[in-house]
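*Asks:* When you get a sec, could you give me coordinates for this:
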Amino acid sequence: MKSSEIARELGKPSKYVSSYLSYWKARGFVEYRAGYWILTQKGEEYVKLLIQSRMLAEEGQLSHKETSERDCETMNDYRGLKEASIISDLQQFIAGESGSKRGEQTTEERVRRALSCLEKVMKNRNLIEEEYYVLQHLVKHYAEWGSTYMYADQIAEELHYDLRDLMIILRKLQSKKLIYIYNDRKFGLRVGLSKGLKQLIDACLR
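*Replies:* Numbers count the residues shown, from 1 in each chain. Model (predicted):
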């Protein structure tokens with residue numbers, strides 16, 4: 001389709017549509033031929049994945065909503081983690097790391113503390129290596145940039161995963177209530193830390 005046709009179908013300005021088409025072209029999902037935009041093979045596979053993942057994304061939104069409704073819980077409650085040993089280890093870790101104030105931390109220090117915290121929290125969660133690797137990447141991103149989410153294609157690119165293989169890992173992490181998955185209509189599948197896990201990481205970074 002032409003960009004003007006896409007814009008008309010979506011009810012969006014042509015410049016708006018063109019900017020996003022350029023975004024997806026740079027990532028190999030679409031290409032421009034003789035005035036028409038078409039999906040590449042990679043783009044077709046991604047669209048199929050989005051369709052297949054729609055129900056998963058809706059479940060993720062419900063899960064995220066449920067955890068968001070517990071905003072009034074204090075950090076000492078830790079209801080998201082029921083294992084007493086994990087809670088005890090985490091409390092000891094926070095106490096031992098409380099010497100540095102958040103405002104005085106360098107980015108490297110924030111990353112180190114966040115990943116150390118994650119290791120303490122996850123040691124009894126029986127995560128497989130690939131699950132921990134992806135979760136670690138999300139936590140590192142949060143510590144570096146202050147953003148609790150990334151996009152699925154971004155994670156796949158940075159970790160050199162096939163997107164379909166990555167989705168299998170993300171489903172497992174979501175089932176363990178460690179992440180949420182949200183279908184962003186503009187950019188694709190958004191993957192973020194669960195509310196409970198984010199609060200624990202924040203406590204370690206204070």
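
*Asks:* From here on, just use CA atoms for contacts and neighbour counts.
*Replies:* OK.

*Asks:* Tell me where the model's unsure across this protein.
*Replies:* Where the chain drops to pLDDT under 70, the residues are 15-16, 50-104.

*Asks:* if we go to 50?
*Replies:* 67, 69-87, 89-90, 93-94, 97-102 (pLDDT under 50).

*Asks:* Dihedrals phi and psi, I181?
*Replies:* Dihedral pair for I181: phi -130, psi 130, per degrees, to the nearest 10.

*Asks:* hey, C-alpha coordinates of stretch 22-37 in CSV?
*Replies:* What follows is stretch 22-37, C-alpha atoms only, in CSV (Å, rounded to 0.1, in the frame of the first residue of the first chain):
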residue,chain,number,x,y,z
SER,A,22,10.7,4.5,8.3
TYR,A,23,11.1,3.2,11.8
TRP,A,24,10.0,-0.3,10.8
LYS,A,25,12.0,-0.2,7.6
ALA,A,26,15.2,0.5,9.5
ARG,A,27,14.4,-2.7,11.5
GLY,A,28,13.8,-4.8,8.4
PHE,A,29,10.0,-5.3,8.8
VAL,A,30,8.9,-3.4,5.7
GLU,A,31,10.4,-2.2,2.5
TYR,A,32,9.6,0.4,-0.1
ARG,A,33,9.2,-0.6,-3.7
ALA,A,34,7.9,1.5,-6.6
GLY,A,35,5.9,3.8,-4.4
TYR,A,36,4.4,1.0,-2.3
TRP,A,37,5.2,-0.3,1.2
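
*Asks:* Residues touching that stretch, excluding its own?
*Replies:* 1-3, 21, 38-44, 46 (CA atoms under 8 Å, 6 or more residues apart in numbering).

*Asks:* Filter those down to the ones in helices?
*Replies:* Counted as lying in helices by DSSP state H, out of the contacts of stretch 22-37, are 3, 21, 41-44, 46.

*Asks:* coming back round to it: output the contacts of stretch 22-37 in JSON lines; the columns should cover distance to S147 and neighbour count.
*Replies:* As requested, those are exported to JSON lines (distance: CA to CA, whole Å; neighbours: other CA atoms under 10 Å):
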{"residue": "M1", "distance to S147": "35", "neighbour count": "13"}
{"residue": "K2", "distance to S147": "35", "neighbour count": "15"}
{"residue": "S3", "distance to S147": "31", "neighbour count": "19"}
{"residue": "L21", "distance to S147": "24", "neighbour count": "18"}
{"residue": "I38", "distance to S147": "32", "neighbour count": "16"}
{"residue": "L39", "distance to S147": "30", "neighbour count": "18"}
{"residue": "T40", "distance to S147": "30", "neighbour count": "15"}
{"residue": "Q41", "distance to S147": "31", "neighbour count": "12"}
{"residue": "K42", "distance to S147": "27", "neighbour count": "13"}
{"residue": "G43", "distance to S147": "26", "neighbour count": "18"}
{"residue": "E44", "distance to S147": "29", "neighbour count": "14"}
{"residue": "Y46", "distance to S147": "24", "neighbour count": "18"}
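
*Asks:* any idea which of these is closest to Y180?
*Replies:* Checking these against Y180 with CA to CA, the nearest one is Y46 at 19.2 Å.

*Asks:* in the helix or strand in which I168 is found, what's buried?
*Replies:* Under the criterion of DSSP states H and E, I168 resides in helix 163-175. If you call a residue buried by 16 or more other CA atoms under 10 Å, then helix 163-175 has these buried ones: 163, 166-167, 169-171, 173-174.

*Asks:* Appreciated, that's everything.
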